[in-house]
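Student: Attaching a predicted model along with its sequence, questions to come.
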Amino acid sequence: MRGKLRFRCKHFAANLDPMARLAAFRVLPAPLADLTAAARCVAAYSAWRDEPDILPMLTGVRMLALPHHAGRVDTMSFHPWRPGDKLEPGPWGTEQPQESGETVVPDLIFCPLLGFDRAGGRLGQGGGHYDRYFAAHPGILRIGIAWSVQEVDAVPTEPTDARLDAILTEQEFIVTGDRL
Ligand SMILES: Nc1nc2c(c(=O)[nH]1)N(C=O)[C@@H](CNc1ccc(C(=O)N[C@@H](CCC(=O)O)C(=O)O)cc1)CN2
Ligand SMILES: Nc1ncnc2c1ncn2[C@@H]1O[C@H](COP(=O)(O)OP(=O)(O)OP(=O)(O)O)[C@@H](O)[C@H]1O
């Protein structure tokens with residue numbers, strides 16, 4: 001399923017009309033705009049490969065944080081980051097903030113994914129990094145970010161998978177939990 005979804009995502013992104021790409025993920029829908037405005041800290045990610053770039057849409061938030069790996073390890077933390085701050089390659093190939101020693105626990109996490117379903121199922125890159133973080137911090141709201149073509153009927157779930165509260169695509173805001 002990961003292979004199929006990577007392929008889908010790559011070709012969808014490559015064939016996106018430039019105007020559609022410009023318009024995608026530019027404005028937060030109302031419930032998310034209110035939540036991010038009220039949040040002390042919002043976590044996002046630095047777009048990798050064909051992932052949607054959501055950072056331009058989040059310039060107004062009080063504090064932004066990005067995922068950080070101290071090494072090729074299971075765990076992940078979040079470091080405060082300001083637009084313009086330097087990013088460097090992390091141990092898994094994604095870009096991350098420079099080591100600052102400063103970690104923060106966000107109130108809301110916008111997370112990347114490979115696949116999602118309408119029950120809040122999420123398929124990630126396979127490291128279990130977000131799942132472990134969600135398990136350790138169950139109170140944090142989890143909003144998946146995806147292109148609409150990343151939807152599948154049912155993501156195969158494991159007991160350790162944490163369900164998303166909602167998913168935002170270039171077409172739709174899908175509420176999947178009862179926390180929003
Ligand atoms: N933009 C972005 N940042 C992110 C994630 C993500 O999915 N997207 N992550 C989500 O958890 C974490 C990084 N975790 C990752 C885990 C595995 C692979 C991975 O399989 N990468 C390569 C192989 C890398 C290798 O083995 O050296 C690949 O896909 O080919 C990538 C990221 C934190 N930051
Ligand atoms: N809370 C957890 N505690 C311990 N192991 C976990 C936990 N969550 C996931 N794992 C393990 O991590 C591995 C990868 O998990 P999974 O396939 O769900 O990753 P993913 O959701 O695709 O990746 P990611 O969350 O990094 O985007 C699996 O072996 C899984 O059992």
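Tutor: Nice, thanks for sending it over. These figures come from a predicted structure and were not determined experimentally. Ligands and ions are numbered 1, 2, ... in the order given.

Student: Surely R132 is in contact with H69?
Tutor: No. With contact defined as C-beta atoms under 8 Å, R132 and H69 do not form a contacting pair (11.7 Å). All C-beta atoms are positioned from the backbone trio N, CA, C, and that covers glycine.

Student: now what about the lowest-mean-pLDDT helix or strand in the chain, what contacts it?
Tutor: Across the helices and strands of the chain, mean pLDDT, DSSP states H and E gives its lowest value to helix 18-23, namely a mean of 92. If you take C-beta atoms under 8 Å, 6 or more residues apart in numbering as the criterion, helix 18-23 is touched by E170.

Student: Just the CA trace of that helix, in CSV.
Tutor: Provided in CSV are the C-alpha atoms of helix 18-23 (Å, rounded to 0.1, in the frame of the first residue of the first chain):
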residue,chain,number,x,y,z
PRO,A,18,0.2,25.3,-11.5
MET,A,19,-2.8,27.5,-10.5
ALA,A,20,-4.4,24.7,-8.5
ARG,A,21,-1.1,24.1,-6.7
LEU,A,22,-0.9,27.8,-5.9
ALA,A,23,-4.4,27.7,-4.4
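
Student: Tell me the helices and strands packed up against the next helix or strand after it.
Tutor: Per DSSP states H and E, the first helix or strand lying C-terminal to helix 18-23 is helix 30-38. Contacts defined by 3 or more C-beta pairs under 8 Å, 6 or more residues apart in numbering; DSSP states H and E place helix 30-38 against strand 173-175.

Student: in its sheet, what does the strand it packs on sit against?
Tutor: strand 166-168 (antiparallel) (DSSP bridges).

Student: for stretch 104-124, which positions count as buried?
Tutor: 104-117, 120-124 (16 or more other C-beta atoms under 10 Å).
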